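[1] model this:
(chains A and B)
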Amino acid sequence: MRANLSLSDVSLEQPALVRAIPRALLALTALTLIGVGFGLYMALGFAKADATQGEVQRIFYIHMPAFIGAFVAFAATTLGGFMYLRTRQVKWDTLALAGVEVGLVLAAINLVTGMIWAKPTWNAWWTWDPRLTLEAIMMLTYAAYLVLRASITNAETRRRFAAVYGMLAIILVIMVVMISRIRPDTIHPTVFGPSSQQARGTFELDASAGMSAALGVNMLVWAVLVPITLMWFRICLNNLTERLSLLKARLADR
Amino acid sequence: MQTPFFRVVYGIVAKDLQAEFRSRELLSLMLIFALLSLLIFSFALELDRLAREEAISGVLWVTVAFASIIGLNRSLTLEREQGNLDAMLIAPINRAAIFVGKLIGNYLFALLVGVLLIPIAALLYNLPLINVWLFIVLVFGTLGLSGIGTLLATMTAQTRTRESLLPVVMLPLALPVVLTAVRATTGILSGQPAENWLGWLHLLAVINVVYFAACFIMFEFVVEE
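    Down below sits the predicted model:
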């Protein structure tokens, strides 16, 4: 393609072009993939089936860590917004955007695995339980973040407003975490600390049955490795898109 | 030299009240909407007497929330369209004072609609809603809605989608306020002892303080030019 002379000035910049995907990210991706596989083995094979719930309880090993992962991603959005307003560096806004998108995916995983578990346990895909409802509203809040971004043309204003909204939206995430303690009528079980009286599907983590180990591994994978890897990819993608529009603009100028 | 904080606040509130007193645009819009909402809820949910008693606090707060969204949109879009917001930003005044001034104006309208709504709802739904505690919940609840609403409406007034965006961005963030206000209202109306619902009122007050502080600080970032 080097024969294409109209692109020659672009080709000249090749050495300066940063690698689209840094080596460290490739290594992290490999680690994450292995981690996800190992986590699945721990959840589906290594840990013994729950005494009362049987096999269906195994989905919990992904369900809860995925929520913590979403929490980490949304926390990155808050941090990104805060740092953007202080430093006005675009990279912080990119981090905030990456946090929202990755957080939405992980929250969706959390919600879907929860629904699959709820069907046999609560006998319904969806109940209007406070925690479920709040989580759905939390996801809509971050969807509103994306809508807000999309409706602002000026890039600087968009970053500023997104930072403010991203910082406020964390309130909903905190509410999802707190709600089972504030509203005792939830049927959602709490694994750490006392569950509410109405909770259905409560279980104890039995360390000798390998359950704690399975949760620990999956927690590391889904709450740390997966969100960081995905956000990093999202940031790389953003850098490439920006570079692309820069090059396009330069081509249009010729 | 900067104009003193409270003189700015007073000036903005007086301006908003005077404009409203002359046109009566905003209040009539909000009130007609609120009445419609009360009636439509009653129809749509086909409420019988028992269901009405159970639904009234939710109906009341959803109505107040939407009515205040109408008011907020109008109040901030006008500032934007007629260039008044830009004028205020150029003027040597504290940005936070603009926030407090607009907040008080919006708050007074929302509170007034709520206060007028309660006796009408009591009449239509045949429930004893006239209650000092209910008024206190209304005072706090509308304050929380107006606080977060003033910040977000200032933002959405500067976007392409304008008015249509505010409910989408505001309702989820207003949820803590609406949730606690509804729980307190339900507790009061069902005649439960105070210790059952006073906690919700406390929580509502705490949420108000947190929201006000957050919005007060963040307002300067949404009016920067």
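[2] quickly find the element holding the spatially closest residue to A:Val105 that is not a sequence neighbour.
    Distances taken as Cβ to Cβ, 6 or more residues apart in numbering or on different chains put A:Leu230 closest to A:Val105, at 7.1 Å, once the chain neighbours are dropped. The C-beta positions use only the backbone N, C-alpha and C, and glycine is treated the same way. Per DSSP states H and E, A:Leu230 falls inside helix A:226-253.
[3] work out the gap between that helix and the centre of the chain.
    20 Å (Cα atoms, centre = their mean, to the nearest Å).
[4] in that helix, what's buried?
    A:226-236, A:238 (16 or more other Cβ atoms under 10 Å in any protein chain shown).
[5] taking the stretch 151-254 of chain A, what residue is nearest to chain B?
    Nearest to chain B in the stretch 151-254 of chain A, going by Cβ to the nearest Cβ, is A:Ser151, at a distance of 4.3 Å.
[6] ok, that residue touching B:Glu163?
    No: using Cβ atoms under 8 Å, A:Ser151 is not in contact with B:Glu163; the gap is 11.5 Å.
[7] could the buried residues of helix A:226-253 be laid out in a markdown table, adding pLDDT?
    Formatted as a markdown table, the buried residues of helix A:226-253 follow (pLDDT from 0 to 100):
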| residue | pLDDT |
| --- | --- |
| A:Val226 | 94 |
| A:Pro227 | 94 |
| A:Ile228 | 95 |
| A:Thr229 | 95 |
| A:Leu230 | 95 |
| A:Met231 | 95 |
| A:Trp232 | 94 |
| A:Phe233 | 93 |
| A:Arg234 | 94 |
| A:Ile235 | 93 |
| A:Cys236 | 92 |
| A:Asn238 | 91 |
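[8] can you add distance to A:Leu33 and give the residues you listed back as CSV?
    Below are these laid out as CSV (distance: Cβ to Cβ, whole Å):
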residue, distance to A:Leu33
A:Val226, 10
A:Pro227, 15
A:Ile228, 14
A:Thr229, 9
A:Leu230, 12
A:Met231, 16
A:Trp232, 14
A:Phe233, 13
A:Arg234, 17
A:Ile235, 19
A:Cys236, 17
A:Asn238, 22
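[9] just for chain B, where's the confidence low?
    Chain B contains residues with pLDDT under 70 at B:1, B:225.
[10] near chain A, which residues of it? Just list them.
    When proximity is defined by Cβ under 8 Å from any Cβ of the partner chain, chain B lies next to chain A at B:148, B:151-152, B:155-156, B:158-161, B:165, B:168-169, B:172-173, B:175-176, B:203, B:214, B:218, B:221-222, B:224.
[11] what do you get if the cut-off is 7 Å, keeping everything else the same?
    B:155, B:158-161, B:165, B:168-169, B:172-173, B:175-176, B:214, B:218, B:221-222, B:224 (Cβ under 7 Å from any Cβ of the partner chain).
[12] ok, of the residues you listed, which come out buried?
    Buried, going by 16+ other Cβ under 10 Å: B:155, B:158-159, B:165, B:168-169, B:172-173, B:175-176, B:214, B:218, B:221-222, out of the residues of chain B next to chain A.
[13] show me the two of these that sit farthest apart.
    B:Gln158 and B:Pro176 (25.1 Å; Cβ to Cβ).
[14] what backbone torsions are found at the residue of the stretch 151-254 of chain A closest to chain B?
    With angles defined as degrees, to the nearest 10, A:Ser151 sits at phi -100, psi 10.
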